[in-house]
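Trainee: the following block contains a protein sequence and its predicted model.
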Amino acid sequence: MFSLNYCAAGCGRLAITDSKLCAPHSADVKAEEIRIGNLIKRGTDVCNLNASYMRFENEDFSGRRFYACNFKSSIFSVCDFSNCSMQLVLFEFADFYNCSFRQTNLEFLSFAGARFQQVFFENSDLVNINYGGASIVNCSFNDSGMYNSRFINADMVCTSLINCDIKRTNFIMTKRKSVSFKTSNTGEAIFEMSE
């Protein structure tokens, strides 16, 4: 997992990778965001990165492999994660606007409490993903495998899960408005608590 280097300001948050401070305590957070964005784009493998509480706009992160990274409470606007592979990555309470996760291979990620607007996870393998408590609006998961993922207590609006493998995917306590499961195997998903 990522290194636990805490902010030197004593706030209890994790410090940005290669810094002594977290993003909120950075003297020039914009410069730090540019530095981290360039660090991600420099190579194919992105490991042990802490980029929590940062903002990324119009970034192309496609084709990269992320492992053990922390993007907690970060904001992503018009970012492309297409064709990425990710394992053990934290996006808790992050915001995503007009982003693409098309044709990705994601395993053991947490999007708990995240907000998604116009985000596309199409043609992806989404295994053991936690979307608990997330707000998911105008999004598409079409043609994806979502084995053992969890949407517990998520708010889903105008979202499509067409032709998805949702075996053991948990939708308990979700609020769903205009959500399509057309040709998905809903009989193998979990929508109610068993007694």
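Mentor: That came in fine, so what should we check first? Just so you know, these numbers come straight off a predicted model, no measurement behind them.

Trainee: any weak-confidence spans in the chain?
Mentor: Within the chain, the ranges that satisfy pLDDT under 70 run 1-2, 194-195.

Trainee: just the helices in the protein please.
Mentor: 29-42 (DSSP state H).

Trainee: residue ranges of the strands in it, please?
Mentor: 45-47, 55-57, 65-70, 75-77, 85-90, 95-97, 105-107, 115-117, 125-127, 135-137, 155-160, 175-180 (DSSP state E).

Trainee: got a markdown table for the ones you listed, with mean neighbour count too?
Mentor: All C-beta atoms are positioned from the backbone trio N, CA, C, and that covers glycine. A markdown table is the format used below for the strands of the chain (neighbours: other C-beta atoms under 10 Å):
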| stretch | mean neighbour count |
| --- | --- |
| strand 45-47 | 15 |
| strand 55-57 | 16 |
| strand 65-70 | 19 |
| strand 75-77 | 19 |
| strand 85-90 | 19 |
| strand 95-97 | 19 |
| strand 105-107 | 18 |
| strand 115-117 | 20 |
| strand 125-127 | 19 |
| strand 135-137 | 19 |
| strand 155-160 | 18 |
| strand 175-180 | 13 |
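
Trainee: looking at these, which is closest to residue 17?
Mentor: Ranking those by proximity to residue 17 (C-beta to C-beta) places strand 65-70 first, at 9.0 Å.

Trainee: show me what that closest one is packed up against.
Mentor: When contacts are defined as 3 or more C-beta pairs under 8 Å, 6 or more residues apart in numbering; DSSP states H and E, strand 65-70 packs onto strand 45-47, strand 85-90.

Trainee: kindly reformat those strands as CSV containing distance to residue 144.
Mentor: As requested, those are exported to CSV (distance: least, C-beta to C-beta, whole Å):
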stretch, distance to residue 144
strand 45-47, 22
strand 85-90, 14
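
Trainee: nearest to residue 155, out of those?
Mentor: strand 85-90 (20.5 Å).

Trainee: show me how far the closest one is from its chain's centre.
Mentor: Relative to its parent chain, strand 85-90 has a centroid offset of 8 Å by C-alpha atoms, centre = their mean, to the nearest Å.

Trainee: got the contact list for the nearest residue to residue 84 once chain neighbours are set aside?
Mentor: Spatially, and ignoring its direct neighbours in sequence, residue 84 is nearest to residue 104 (4.9 Å; C-beta to C-beta, 6 or more residues apart in numbering). Counting by C-beta atoms under 8 Å, 6 or more residues apart in numbering, residue 104 makes contact with 81, 82, 83, 84, 85, 86, 121, 124, 125, 126.

Trainee: do that again at 10 Å, thanks
Mentor: Applying C-beta atoms under 10 Å, 6 or more residues apart in numbering, one finds that residue 104 lies in contact with 62, 66, 81-86, 121-126, 144.

Trainee: for the helices and strands packed on strand 65-70, which one sits closest to residue 179?
Mentor: Of all the helices and strands packed on strand 65-70, strand 85-90 comes closest under C-beta to C-beta, at 24.4 Å.

Trainee: hey, what's the angle from that closest one to strand 65-70? Just curious.
Mentor: Interaxial angle, strand 85-90 versus strand 65-70 (axes from the mean of the first three to the mean of the last three C-alpha atoms, to 10 degrees): 0 degrees.
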